[in-house]
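Visitor: below are the sequence and a predicted model for it; my questions follow.
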Amino acid sequence: MADPYDGFLGTLWQKFPQLAQLHNPGNSQVPQWGLDEFIESRFHNFSSDRRPLFRLSRLIEDYAKQNYAPLVSSFEKPSRFKFVETRYENLIDQIPKISVIADFGKTQFFLSPKINVLNCMDTELVNIWSVFTKGETGTFGVIAEEFQDGKFRGFFSFDSMVCNEAIKQMENTLSCSLDL
């Protein structure tokens, strides 16, 4: 199977050839499942627009809130973070830490010190949408690349090895520790 992803996601994909066995090229949307169904599936790839991906991201954020777990989120643009900024400011009172990654350029945010804002300007993370948290068995989440304006392809994974590698690659790219 040819690599279905480019850039950052392509590098991650190549490190886990077993994902090709799970990849279903017929998956064209993010299903309207609850988080339990995503977890039960363990892996679900998709090609989607923003709305279903936003819904899945909210499910992961809600899990972090309900389980007092840290959160790592990346956004393609500062305006995407501005859309959820107030929610994250409220969420930080209910979870230990949030790391927010985006191509912020010179944009400044005045947020809680528990919200770690990281600039991915001029890196391969500029078109990545991701949300990760810690579950009972390790890190899980969703990661997608914007390949056209408003169009994303990526996958949900409950495999902590895959998700931890994604976090590690983000840390290496940004020269930081995300402490998830």
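Guide: Sure, I can see it.
Visitor: so S175 versus N116, what's the distance?
Guide: From S175 across to N116, the span is 13 Å (C-beta to C-beta, to the nearest Å). Backbone N, C-alpha and C define where each C-beta goes, glycine included.
Visitor: between the two, which one's more packed in?
Guide: Counting neighbours by other C-beta atoms under 10 Å for S175 and for N116 shows that N116 has the greater number, 18 against 7.
Visitor: rounded mean pLDDT for the longest strand that the chain contains, please.
Guide: Using DSSP state E to define each element, the chain has its longest strand at strand 138-148. Strand 138-148 shows a mean pLDDT of 94.
Visitor: just say helix, strand or coil for the residue nearest to the spatial centre of the chain.
Guide: By C-alpha atoms, centre = their mean, the mean C-alpha position of the chain lies nearest to S130, the distance being 1.4 Å. Following DSSP: H, G, I helix; E, B strand; the rest coil, S130 is assigned to strand.
Visitor: bridged to it, which residues?
Guide: Taking DSSP bridges, one obtains S74, I143 as the residues bridged to S130.
Visitor: which helix or strand lies directly C-terminal to the longest strand of the chain?
Guide: The C-terminal neighbour of strand 138-148 among helices and strands, as given by DSSP states H and E, is strand 151-157.
Visitor: in whichever helix or strand comes after that following strand, which residues are buried?
Guide: On the C-terminal side of strand 151-157, the closest following helix or strand by DSSP H and E is helix 160-174. By neighbour count on 16 or more other C-beta atoms under 10 Å, the buried set for helix 160-174 is 160, 162-163, 165-167, 169-171, 173-174.
Visitor: how far does helix 160-174 sit from its chain's centre?
Guide: Distance of helix 160-174 from its chain centroid, counting by C-alpha atoms, centre = their mean, to the nearest Å, is 11 Å.
Visitor: what is the mean pLDDT for it?
Guide: The average pLDDT for helix 160-174 rounds to 96.
Visitor: can you show me the CA trace of it as CSV?
Guide: As requested, the backbone C-alpha atoms of helix 160-174 are provided in CSV (Å, rounded to 0.1, in the frame of the first residue of the first chain):
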residue,chain,number,x,y,z
SER,A,160,-0.2,4.2,23.0
MET,A,161,3.0,3.3,21.1
VAL,A,162,1.7,5.1,18.0
CYS,A,163,0.5,8.1,20.0
ASN,A,164,3.6,8.3,22.1
GLU,A,165,5.7,8.3,18.9
ALA,A,166,3.6,11.2,17.6
ILE,A,167,4.2,13.1,20.8
LYS,A,168,7.9,12.3,20.6
GLN,A,169,8.1,13.6,17.0
MET,A,170,6.3,16.8,18.1
GLU,A,171,8.7,17.2,21.0
ASN,A,172,11.7,16.7,18.7
THR,A,173,10.3,19.1,16.1
LEU,A,174,9.6,21.8,18.7
